[in-house]
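Colleague: Provided below are the primary sequence and the corresponding predicted coordinates.
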Amino acid sequence: MKTKRTSQSIALSAVIGLLALGAHAAPQAPSTGSVQVGKSPVKVFILAGQSNMDGQGAISGGKGSLEFVVKDPATAARYKHLVDKDGKWIVRDDVWCSYGDKGNLTVGGYATGGIGPELGIGLELGNYLDNQVLLVKVAVGGTSLAGPWRPPSSGGTTGWLYSNVVFGVKEQLQNLKVDFPGYDGKGYEIAGFCWHQGWNDGCNSGTAAEYEKNMVNFIKDVRKDLGLTNLPFVIGGSGFGGWDQKNTRRLSIMDAQKKAAEREEFKGNVLYVETRPFFRPKEVSPHAFGYHWNGNGETYYLIGEGMGKAMVELLGGPKAPANAVNPRPQKEKKRSSTRKAPVAVVKLPELTLDLGNKVTMKLLKIPAGKFKMGPSGHQREVTISKPFYMGQYEVTAEQFERFVKETGADWRKSEVSKRSDHPADRVCWDLAQEFCKWMSKKTGRTVTLPTEAQWEYACRAGSTTAYCFGDDADDLPDYAHFDMDGWDGSAKQSPQFAPVGSFLPNQWGLYDMHGNMNECCQDYSGDYSPTDTLDPKGPEKGGRRIMRGGSWSRGADDARSDARGTVRPGICGPREGLRVVVAE
């Protein structure tokens with residue numbers, strides 16, 4: 001086993017960003033050594049997957065960046081090997097990398113967002129092997145093992161990325177001397193395969209269910225097509241969310257990866273690396289996107305290091321550390337298979353409006369009153385001086401169709417909205433205003449969008465907690481259709497939003513105030529005046545309008561009673577819907 005080498009470092013220059021899709025766009029071209037430092041044959045390792053293998057780990061910046069952990073006294077000793085004696089990023093001329101750019105392994109240059117697992121993998125392999133190491137990355141964001149990576153043995157159409165990784169690697173090796181002038185021409189061998197992927201398969205219960213089968217077939221087919229029967233294979237777990245991850249589809253992907261690696265037929269040549277310990281929450285990370293490991297550079301390095309150690313074990317080196325187990329095991333929360341109605345649902349007076357052609361709309365009379373508006377710590381008491389009627393449900397596709405047929409309005413609804421009881425989607429604020437005007441003329445009542453204050457007052461229904469039912473987001477699935485870390489595209493009722501009234505109502509009998517569709521409000525976005533506490537209507541002007549309630553594609557935080565969203569008046573997206581109010 002050899003010791004670590006360093007060479008003259010390069011200047012740190014990285015484009016820090018998070019891209020969900022697309023291929024590699026390197027921030028700089030790492031230097032290519034003119035001499036092959038390691039022995040021949042060159043040991044080639046394939047690194048494949050989606051955007052998390054591409055890499056979104058921040059190099060510079062605040063907490064969670066690689067620069068931060070190298071300088072932070074609490075972690076500097078742990079990561080001192082990433083810099084040379086002058087404090088500059090190391091450059092490994094005994095480890096080459098091919099991913100857009102071709103050159104010596106260093107910090108940056110081979111990932112869209114800064115670094116990916118290649119850094120940790122390359123350093124571990126370079127430290128163990130006397131041979132020259134070549135890492136060949138093939139990674140494209142937003143891709144699934146059931147789709148673009150689909151192996152031939154799984155049936156259906158073979159994924160184009162599966163074909164690319166097999167034939168693309170062979171092509172790279174044929175051009176080794178061109179791309180790496182220092183190559184001594186004395187041969188190479190494909191020595192291992194590292195896989196880090198799983199996010200997109202976890203967005204759909206159908207693809208999640210077939211993941212283990214696809215993973216096993218992928219390993220077998222890759223080995224067959226490369227002509228390497230027992231090619232060492234390391235699976236980096238899809239551990240986003242850490243030990244607190246509760247989404248069943250996310251957990252099923254991790255379980256499938258682990259089970260695939262533990263199959264008897266793969267004993268001794270396939271290892272699973274548990275990555276949940278490497279997750280860092282948004283509070284100590286560069287970003288809070290809810291994916292891409294929050295852009296945490298330390299996380300990406302640790303994932304690579306763990307995968308590298310596992311590969312070294314498969315190559316006959318020291319055993320990798322045992323996979324960590326949950327240090328805080330939580331008992332699964334038992335949820336009732338049948339929903340129980342809220343304890344106190346107030347029976348409010350009803351108003352039914354006739355929209356013609358046997359289409360009606362039911363509204364409930366919301367009483368006047370006072371409430372604490374806004375998030376905890378920034379609340380102010382607001383008075384709603386007059387009662388008003390509010391739609392018990394979000395405006396449905398059937399109701400909106402009446403408006404479209406009578407006015408000829410240009411409504412480009414989603415193909416998803418095929419049932420009359422689905423909410424109307426792709427309703428921009430301007431179009432919502434036109435609908436209210438039509439309803440007013442049609443019914444002889446004053447129909448408007450709710451003010452933001454009216455909306456939150458009605459959503460809270462007397463509550464002072466994060467949600468109408470309390471503070472525990474674990475109970476939100478009973479009340480809302482929202483994104484529990486990736487919406488389920490195979491859901492029978494709808495691949496996106498749910499039929500109105502599918503979940504429990506709040507205490508005033510209003511449905512879907514949390515989740516399902518973003519609901520348009522009258523107000524311009526911006527802060528309220530501190531003195532604007534009586535029937536407030538928000539700023540007098542602005543460029544964007546307020547949306548409330550979160551949606552099917554947003555998480556629990558965005559579904560809170562106090563959560564605010566904004567939209568430009570002419571934007572008609574798949575999450576935008578509406579609910580109306582009628583003056584008493």
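Modeller: That came in fine, so what should we check first?
Colleague: where does Glu381 fall, phi/psi-wise?
Modeller: phi -80, psi 130 (degrees, to the nearest 10).
Colleague: Report the beta-bridge partners for it.
Modeller: Beta-bridge partners for Glu381, by DSSP bridges, are Lys372.
Colleague: Next up, the contacts around Gly549.
Modeller: Residues in contact with Gly549, defined by CB atoms under 8 Å, 6 or more residues apart in numbering, are Trp455, Cys459, Asp512, Met513, His514, Gly515, Asn516, Met517, Asn518, Glu519, Ala559, Ala563. Bear in mind the C-beta positions are built from the backbone N, C-alpha and C, glycine included.
Colleague: which of those residues has the most neighbours?
Modeller: Neighbour counts for the contacts of Gly549 (other CB atoms under 10 Å) peak at Asn516, which has 32 neighbours.
Colleague: Quick one: residues contacting that one.
Modeller: In this structure, Asn516 makes contact with Glu394, Pro423, Ala480, His481, Phe482, Phe497, Ala498, Val500, Gly549, Ser551, Trp552, Gly577, judged by CB under 8 Å, 6+ apart.
Colleague: One more: Val35?
Modeller: Contacts of Val35 (CB under 8 Å, 6+ apart): Asp93, Gly182.
Colleague: separation between it and Asp93?
Modeller: 8 Å (CB to CB, to the nearest Å).
Colleague: for Phe218, same thing?
Modeller: For Phe218 relative to Asp93 (CB to CB), the value is 33 Å.
Colleague: same check, this time on Ala563
Modeller: Going from Ala563 to Asp93 by CB to CB gives 51 Å.
Colleague: Number of residues surrounding Thr446?
Modeller: 13.
Colleague: How about it, nearest residue that isn't a chain neighbour?
Modeller: Spatial nearest neighbour of Thr446, chain neighbours left out: Ala583 (4.2 Å); criterion: CB to CB, 6 or more residues apart in numbering.
Colleague: what sits opposite that neighbour in the beta ladder?
Modeller: On the basis of DSSP bridges, Ala583 is bridged to Phe388.
Colleague: Quick check: pLDDT value at it.
Modeller: Here, the pLDDT recorded for Ala583 equals 95.
Colleague: Pull the contacting residues for it.
Modeller: Ala583 sits next to Lys386, Phe388, Tyr389, Arg445, Thr446, Thr448 when contact means CB under 8 Å, 6+ apart.
Colleague: got a list of what Asn52 touches?
Modeller: Neighbour list for Asn52: Gly116, Pro117, His196, Gln197, Trp199, Ser238, Phe240, His292, Trp293, Ile303 [criterion: CB under 8 Å, 6+ apart].
Colleague: all strands for the stretch 51-200 of the chain, in order.
Modeller: Assigned by DSSP state E, counting those that start in this stretch, the stretch 51-200 of the chain shows strands spanning 91-99, 101-106, 131-139, 188-196.
Colleague: same thing with the stretch 251-400 of the chain?
Modeller: 270-273, 350-356, 359-366, 369-373, 380-384, 388-391.
Colleague: wait, doesn't Leu534 sit right on Ser385?
Modeller: Yes. Between Leu534 and Ser385 there is a contact under CB atoms under 8 Å: 6.3 Å.
Colleague: Export the lengthiest helix in the chain to CSV, keeping only CA atoms.
Modeller: In the chain, assigned by DSSP state H, the helix with the most residues is helix 297-314. Taking C-alpha atoms only, helix 297-314 is exported to CSV below (Å, rounded to 0.1, in the frame of the first residue of the first chain):
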residue,chain,number,x,y,z
GLY,A,297,-19.8,19.5,0.8
GLU,A,298,-18.9,17.5,3.8
THR,A,299,-21.7,15.1,3.1
TYR,A,300,-20.6,14.5,-0.5
TYR,A,301,-17.0,13.9,0.7
LEU,A,302,-18.1,11.4,3.4
ILE,A,303,-20.3,9.5,0.9
GLY,A,304,-17.3,9.2,-1.4
GLU,A,305,-15.0,8.3,1.4
GLY,A,306,-17.4,5.6,2.6
MET,A,307,-17.8,4.2,-0.9
GLY,A,308,-14.0,4.3,-1.5
LYS,A,309,-13.4,2.3,1.7
ALA,A,310,-15.9,-0.3,0.7
MET,A,311,-14.3,-0.6,-2.7
VAL,A,312,-10.9,-1.0,-1.1
GLU,A,313,-12.3,-3.9,1.0
LEU,A,314,-13.6,-5.6,-2.2
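Colleague: now that helix against strand 188-196, angle please.
Modeller: Interaxial angle, helix 297-314 versus strand 188-196 (axes from the mean of the first three to the mean of the last three CA atoms, to 10 degrees): 130 degrees.
Colleague: hmm, back to that, any chance of the contacts of Ala583 in CSV, plus pLDDT and distance to Gly57?
Modeller: Output for the contacts of Ala583, formatted as CSV (pLDDT from 0 to 100; distance: CB to CB, whole Å):
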residue, pLDDT, distance to Gly57
Lys386, 97, 54
Phe388, 98, 50
Tyr389, 98, 52
Arg445, 97, 56
Thr446, 98, 54
Thr448, 98, 48
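Colleague: For those residues, work out which two are farthest apart.
Modeller: Farthest-apart pair in those is Lys386 and Arg445; separation 14.5 Å (CB to CB).
Colleague: more crowded one of the two?
Modeller: Taking neighbours as other CB under 10 Å, Lys386 and Arg445 compare with Arg445 leading, 16 against 12.
Colleague: didn't that one look like it was pressed against Glu584?
Modeller: No. Using CB under 8 Å, Arg445 is not in contact with Glu584; the gap is 9.6 Å.
Colleague: Student question: in the protein, what's the helix or strand with minimum average pLDDT?
Modeller: Using mean pLDDT, DSSP states H and E, the weakest-scoring helix or strand in the chain turns out to be helix 205-209, at a mean of 84.
Colleague: List the buried residues of that helix.
Modeller: With burial defined by 16 or more other CB atoms under 10 Å, the residues of helix 205-209 counted as buried are Thr207, Ala208.
Colleague: Throw the strands of the stretch 251-400 of the chain into JSON lines and include mean neighbour count, thanks.
Modeller: As requested, these are exported to JSON lines (neighbours: other CB atoms under 10 Å):
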{"stretch": "strand 270-273", "mean neighbour count": "24"}
{"stretch": "strand 350-356", "mean neighbour count": "14"}
{"stretch": "strand 359-366", "mean neighbour count": "18"}
{"stretch": "strand 369-373", "mean neighbour count": "16"}
{"stretch": "strand 380-384", "mean neighbour count": "16"}
{"stretch": "strand 388-391", "mean neighbour count": "24"}
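Colleague: will you turn those into CSV that also has distance to Glu401?
Modeller: What follows is these, written out as CSV (distance: least, CB to CB, whole Å):
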stretch, distance to Glu401
strand 270-273, 51
strand 350-356, 10
strand 359-366, 8
strand 369-373, 34
strand 380-384, 32
strand 388-391, 16
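Colleague: Looking at those strands, spot the one closest to Gly542.
Modeller: Nearest to Gly542, of all the strands of the stretch 251-400 of the chain, is strand 369-373, at 18.6 Å by CB to CB.
Colleague: Just the angle for that closest one relative to strand 380-384, thanks.
Modeller: The directions of strand 369-373 and strand 380-384 differ by 150 degrees, with the same axes, to 10 degrees as the criterion.
Colleague: which helices and strands does strand 369-373 pack with?
Modeller: Here strand 369-373 touches strand 380-384, helix 452-460, going by 3 or more CB pairs under 8 Å, 6 or more residues apart in numbering; DSSP states H and E.
Colleague: At which residues are the helices of this protein located?
Modeller: Secondary structure of the chain by DSSP H: the helices cover 51-54, 66-71, 118-128, 160-174, 176-179, 205-209, 211-226, 248-261, 297-314, 397-407, 429-443, 452-460.
Colleague: Out of the ones you listed, flag the one nearest Gly570.
Modeller: Closest approach to Gly570 among these (CB to CB): helix 429-443, 5.6 Å.
Colleague: Who are the packing partners of the closest one?
Modeller: Under the contact criterion of 3+ CB pairs under 8 Å, 6+ apart, helix 429-443 touches strand 350-356, helix 397-407, strand 447-448.
Colleague: All set now, cheers.
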